[in-house]
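Participant: would you be able to build a 3D model of this:
(6 chains)
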Protein chains: 4
Amino acid sequence: MSSKKHPEPPAPAVRRVPSQRPGPAGGKRDQNRRRRLAELCDAALALFLERGIEAVTIDEIARAAGMAKGNFYRYVEDKRDLVDALIAPVAAAIDAAMDRCEASTDAATDVAGLNAAYMRLALDLLQVYIAHRDLVRLYLQEARVPGVGARAPVAELEQRVTARTIALTRVAHEHALLAKIPPEVSALAVIGATERLLLAHLRDGIFEDEAQIATSLVRMVMEGITG
Amino acid sequence: MSSKKHPEPPAPAVRRVPSQRPGPAGGKRDQNRRRRLAELCDAALALFLERGIEAVTIDEIARAAGMAKGNFYRYVEDKRDLVDALIAPVAAAIDAAMDRCEASTDAATDVAGLNAAYMRLALDLLQVYIAHRDLVRLYLQEARVPGVGARAPVAELEQRVTARTIALTRVAHEHALLAKIPPEVSALAVIGATERLLLAHLRDGIFEDEAQIATSLVRMVMEGITG
Amino acid sequence: MSSKKHPEPPAPAVRRVPSQRPGPAGGKRDQNRRRRLAELCDAALALFLERGIEAVTIDEIARAAGMAKGNFYRYVEDKRDLVDALIAPVAAAIDAAMDRCEASTDAATDVAGLNAAYMRLALDLLQVYIAHRDLVRLYLQEARVPGVGARAPVAELEQRVTARTIALTRVAHEHALLAKIPPEVSALAVIGATERLLLAHLRDGIFEDEAQIATSLVRMVMEGITG
Amino acid sequence: MSSKKHPEPPAPAVRRVPSQRPGPAGGKRDQNRRRRLAELCDAALALFLERGIEAVTIDEIARAAGMAKGNFYRYVEDKRDLVDALIAPVAAAIDAAMDRCEASTDAATDVAGLNAAYMRLALDLLQVYIAHRDLVRLYLQEARVPGVGARAPVAELEQRVTARTIALTRVAHEHALLAKIPPEVSALAVIGATERLLLAHLRDGIFEDEAQIATSLVRMVMEGITG
DNA sequence: TATGAATGAGGATTCATTCAT
DNA sequence: GATGAATGAATCCTCATTCAT
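Facilitator: Model (predicted):
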């Protein structure tokens, strides 16, 4: 599996495809390649959601994107690279939200400031979810399987998100915003609950009303589930 | 040319891996069979946990179990079949626990009875977890990916567990044991939180103290996470 | 374990070897396809004649055709499919000859007309033989083995030829063109004698003079073999 | 395919299995092994007729004979060896009939003597057919495919039968018993016609009345098929 | 650029044959 | 003798990747 291109752990991060391309960045050429890449991403996303990243063939993706297999490699190096490109926007948005939250908590001088930072984070992540439903679903479906091969980028994102969430929770904990529960526990519990609800909604279409989920979730977080 | 698959009428279709094996059930032969199958399961489980079900080769499994590739097929029909055999004990135990809980809730005449049933379920599932840590971890890692190919049995189990949990929660909800939150929501939230914590523990070794997780989880479920 | 084959619902089932190929029918691409397929057929035919259809490996065929194993499947779905493509021209020609003969006998109003029809059939089949000596030899060699697997198309052809020949003979019989011998018997006897002679010629190179065979055959059919 | 045991052309003819066995020839031991071998032959014959020699697995044969696969090799060296044992009686009987006919023709001093010899041959062969219908059918089905692998013994028999028949016919021809047709031609024509009729009878069950076939065949040989 | 042909490594599966019990 | 477990070579088929056009 992971023999040449991606030596798994190290991840040298040499993207040769996207760089060194003719034409100015933003010119006709550049536009075109962006469009093609987007088409690839769209096609791949649909297939990945349906059958899982590993089971989908490069040929299938290319054909679903309306291009020949050989052309695939013009826009992307690998299936892994495609997954990378696919989740890049979500990863960037999440990282940005986390960055902002971290900055805010660092700068916060009182409990109110901290709370505001967390609230802001929640809203930012909500925006990500709204803007990238299918990508979020892909993340939810694939993030827990060992990050081997093409799934690596997803697993990496998951690790980063988890670690940063725990770190942020630790701050809240230190400021006594949370019950006497280890911050890792509460962080993971909230993440887990949220993710499970989103998955049920996105994959299985269980809830009609998204707002309802959010409200219930907040309430559970605040008060528990017992009557 | 013909483009459709050719049916081949004759095909005597001898069951490989037949249930009816020579020797009495429990005899030397039968024992050996079981042991070999167990070895396969053990070897496979380790590999599956490390790299994901899809990425693992039958040849690798066989070799890890100390047997030649061809021998694999004496004990199991498929990778999928192996996964089936692998999770069978957990599936059975979970189903049994759910059955018992359903029976108890059906028979319960008051709130105390209901609560006892749920508590019992929690303890039963805890036993499953204790007895099958690695299998539970496999389940947690793989259950959310679309159930295609060898992963199908896991996905099926996930669906069953989810559905039954929601059904049981609905009963609790109807008896006003829970806050005014849709039962699907609270069920999935608890499942999600629990699973995420278990995964962190089993896969990433985050918590030293398992009891701590349980306690915290219960508290969060009862009271929320805020201080 | 499960013992039955797992259906796998999704399976997008992309037709390999699709009829709809890029480029116009007759263009460069199409030409190339046909040539490659022809090369496969040629290589396969030689091997089949030498060692029998069953004993020949797909890899051998591909290599003999000067291509890599994997490429085989671009042009043909199966070994069976290849056999299908291989005998298609003969099958078509034979069927056409039979069709024509049937039409003629249907339209015939007198014995002369009937005789002309049969003579015409003989000449048509002779043309087939001349145009496809090796394929006829393949047919002769393989037609009698049970039509399992890749040999199926040959067996099917044999059945069709036999049935139609008997039907045509029956017509002749009804018009008293033949001795008081059941039409099935005389039909099969002639088929058998002819095929055996052709096989001896094509496979074992027994006769130098093809015309001699034909003449003798006709004479035997007309008068028997005794002096 | 034909790599170690049977180097195809040479055929060293070392049968190690049947020789060097404990017990006297004819004793309990010997009886037993004959019975087992016969069971193998019967089972194999049925399968061979149904699906062709090549397509049948050794495991299938053994199991159909009610023994374990490993036991197969106790009685027979190979599938080829089994085929050898299978057709041995027919081969021996045919050879004997041919031997006798050759001797008679050699000793014959007049045409009547020759005719008697041929008639005797025909009757002898008829006996063979009657005594070994299924084996004759197997021969008819398999004899024309190149004698590679397990089919070799059948192909060898075919060659011998053909050659000897032609030789005998040549004698008849030299004594002007036959029309002015090359003896190879008439020999093969009769063989071909006969074999085709037998195959139709044995495999496809076309004729109810065997005697009818024989009568018709003789008549055709003597007088041709035309009215 | 775009296409699909070509390659070959890799993985699943079967099966003849050997062996320990 | 009998059994079926074990082995590994052989074969089918797929698919990522490269290339010529």
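Participant: biggest helix in chain A, by residue count?
Facilitator: Counting residues, the longest helix found in chain A (DSSP state H) is helix A:79-107.
Participant: what angle separates the helix or strand following it from helix A:79-107?
Facilitator: On the C-terminal side of helix A:79-107, the nearest following helix or strand under DSSP states H and E is helix A:111-131. Angle of helix A:111-131 versus helix A:79-107, following axes from the mean of the first three to the mean of the last three Cα atoms, to 10 degrees, is 160 degrees.
Participant: buried ones in helix A:111-131?
Facilitator: Going by neighbour count (16 or more other Cβ atoms under 10 Å in any protein chain shown), the buried part of helix A:111-131 is A:Leu114, A:Ala117, A:Tyr118, A:Leu121, A:Ala122, A:Asp124, A:Leu125, A:Val128, A:Tyr129. (C-beta placed from N, C-alpha, C; glycine too.)
Participant: then stretch A:168-180?
Facilitator: For stretch A:168-180, the neighbour count (16+ other Cβ under 10 Å) marks A:Leu168, A:Thr169, A:Arg170, A:Val171, A:Ala172, A:His173, A:His175, A:Leu177, A:Leu178 as buried.
Participant: want to throw these into JSON lines with pLDDT?
Facilitator: Below are these laid out as JSON lines (pLDDT from 0 to 100):
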{"residue": "A:Leu168", "pLDDT": "94"}
{"residue": "A:Thr169", "pLDDT": "92"}
{"residue": "A:Arg170", "pLDDT": "92"}
{"residue": "A:Val171", "pLDDT": "91"}
{"residue": "A:Ala172", "pLDDT": "90"}
{"residue": "A:His173", "pLDDT": "88"}
{"residue": "A:His175", "pLDDT": "88"}
{"residue": "A:Leu177", "pLDDT": "81"}
{"residue": "A:Leu178", "pLDDT": "79"}
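Participant: and which of those is nearest B:Gln141?
Facilitator: A:Thr169 (23.2 Å; Cβ to Cβ).
Participant: could I get the buried residues of stretch A:168-180 as CSV with secondary structure and distance to D:Pro153?
Facilitator: Output for those, formatted as CSV (DSSP: H, G, I helix; E, B strand; the rest coil; distance: Cβ to Cβ, whole Å):
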residue, secondary structure, distance to D:Pro153
A:Leu168, helix, 81
A:Thr169, helix, 80
A:Arg170, helix, 82
A:Val171, helix, 86
A:Ala172, helix, 86
A:His173, helix, 85
A:His175, coil, 91
A:Leu177, coil, 89
A:Leu178, strand, 85
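Participant: just those residues that are near DNA strand F?
Facilitator: The subset of the buried residues of stretch A:168-180 within reach of DNA strand F, by Cβ under 7 Å from any atom of the strand, is empty.
Participant: what subset of those residues is also close to chain C?
Facilitator: Applying Cβ under 8 Å from any Cβ of the partner chain to the buried residues of stretch A:168-180, one finds that nothing falls near chain C.
Participant: in CSV, list the residues you listed along with distance to A:Ser216.
Facilitator: Shown next, in CSV, are those (distance: Cβ to Cβ, whole Å):
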residue, distance to A:Ser216
A:Leu168, 23
A:Thr169, 21
A:Arg170, 26
A:Val171, 26
A:Ala172, 21
A:His173, 24
A:His175, 26
A:Leu177, 21
A:Leu178, 20
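Participant: quick one: A:Gln127 and D:Ala25, what's the gap?
Facilitator: Using Cβ to Cβ, to the nearest Å, A:Gln127 is found at 93 Å from D:Ala25.
Participant: okay, now A:Leu140: neighbour count?
Facilitator: 21 (other Cβ atoms under 10 Å in any protein chain shown).
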